[in-house]
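*Asks:* Sequence below, structure please.
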Amino acid sequence: MKSQMRRHEYGHIVALWKRFMPRRRDITNVVNEELVAIQNYENPNDAEQPFTIWACVEVSDVETVPEQMHSLTIPGGLYAVFRHKGMDAGATYRDIMNEWLPSSGYAIANRPHFQVMGALYKNGSPDSEEDFYVPIRTL
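*Replies:* Sure thing, here's the model as predicted:
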């Protein structure tokens, strides 16, 4: 499922997942139990522009999409992967953008950003872990 939001409209994220989770079992061709959160920016450098957020699971094919759901194929490319621990995902993302990225030799690529919430993900717990995938390209 997907929705539109602007940066700092975090309530949209919660609302999207509240709509998605009860319908998750309607998806019959799920590959694993991981949840995937995707942010698809038209222009990642424009903080005021709305962008699309997705609440997803990986599927084996997109032939059968339940009603009111959509499919998205994440384009291949180079991604930097970071393990996020705890509840402040925003702080981890800021560290990636403000500390790691400027000294990395890479720039943000125009592809979706996403997080994979696997077996170590515990919603609302300080012990929670998830992986951040940041699309990058060489400078």
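
*Asks:* How many residues are close by Ala119?
*Replies:* For Ala119, the count of nearby residues is 9 (other C-beta atoms under 10 Å). For glycine as for every other residue, the C-beta is placed from the backbone atoms N, C-alpha and C.

*Asks:* Run the chain-centre distance for stretch 32-43.
*Replies:* Relative to its parent chain, stretch 32-43 has a centroid offset of 3 Å by C-alpha atoms, centre = their mean, to the nearest Å.

*Asks:* Correction: the previous question concerned stretch 33-53.
*Replies:* That offset, for stretch 33-53, works out to 7 Å (C-alpha atoms, centre = their mean).

*Asks:* and the end-to-end length of that stretch?
*Replies:* Criterion C-alpha to C-alpha, to the nearest Å; first-to-last residue distance in stretch 33-53 is 20 Å.

*Asks:* The protein: strands as residue ranges?
*Replies:* Under the criterion DSSP state E, the chain contains strands at 2-5, 35-40, 51-56, 79-85, 106-108, 113-117, 129-138.

*Asks:* Could you pull out the buried residues of the fifth one?
*Replies:* Along strand 106-108, these residues count as buried under the neighbour rule (16 or more other C-beta atoms under 10 Å): 106, 108.
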